[in-house]
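> missing the sequence, but the structure's below:
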């Protein structure tokens with residue numbers, strides 16, 4: 001059973017930074033791509049960042065390119081999302097997610113079938 005536990009959300013002023021962490025367990029972490037998705041009220045779920053199983057490839061939504069950085073530490077079974085220059089529109093619940101397939105890299109949100117409980121990020125003016 002894959003388990004994902006996020007931490008690091010909170011309230012931050014526009015222009016500020018936050019770092020989200022996600023601890024994974026339940027299978028060999030280093031064999032699967034990881035992603036960060038977000039969902040704001042009334043909006044569709046968005047895959048904001050994804051990272052390949054060995055960290056060699058990443059992908060970002062256009063809305064966060066240049067501001068967010070995804071990374072992973074396979075020795076610690078942890079994936080991170082560094083968020084800088086936060087904007088009001090970044091306010092959402094952020095979910096850590098794991099790809100269902102072995103050593104695949106996907107930029108489709110639907111391919112990330114395992115989700116954490118989510119952590120709220122609120123950006124204020």
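Good, I have the coordinates. The model shown is predicted, which means the values in this text are computed figures rather than measured ones.
> any idea how far residue 124 is from the most centrally placed residue in the chain?
Compute the mean C-alpha point of the chain, and by C-alpha atoms, centre = their mean the closest residue is residue 36, 1.9 Å away. Separation of residue 36 from residue 124 (C-beta to C-beta, to the nearest Å) stands at 21 Å. Backbone N, C-alpha and C define where each C-beta goes, glycine included.
> cool, residue 84 as well?
Look at residue 84 and residue 124: by C-beta to C-beta, they are 16 Å apart.
> which one's more surrounded, these two?
With neighbours defined as other C-beta atoms under 10 Å, residue 84 and residue 124 compare such that residue 84 has more, 14 against 11.
> quick check, residue 94 in contact with residue 6.
Yes: Residue 94 is in contact with residue 6 according to C-beta atoms under 8 Å; the separation is 6.9 Å.
> what touches both of the two?
20, 118, 119 (C-beta atoms under 8 Å, 6 or more residues apart in numbering).
> ok so the first one is a helix residue?
Looking back up the chat, that one is residue 20. No: assessed with DSSP: H, G, I helix; E, B strand; the rest coil, residue 20 is strand; it does not lie in a helix.
> any idea what it is bridged to?
Beta-bridge pairing for residue 20 (DSSP bridges): residue 81.
> ok, now the last one?
When assigned by DSSP bridges, residue 119 has beta-bridge partners residue 94.
> pLDDT score assigned to it?
Note on residue 119: pLDDT of 97.
> so who does the residue nearest to the centre of the chain touch?
Residue 36 neighbours (C-beta under 8 Å, 6+ apart): 20, 22, 47-50, 68, 70, 79, 81, 94-97.
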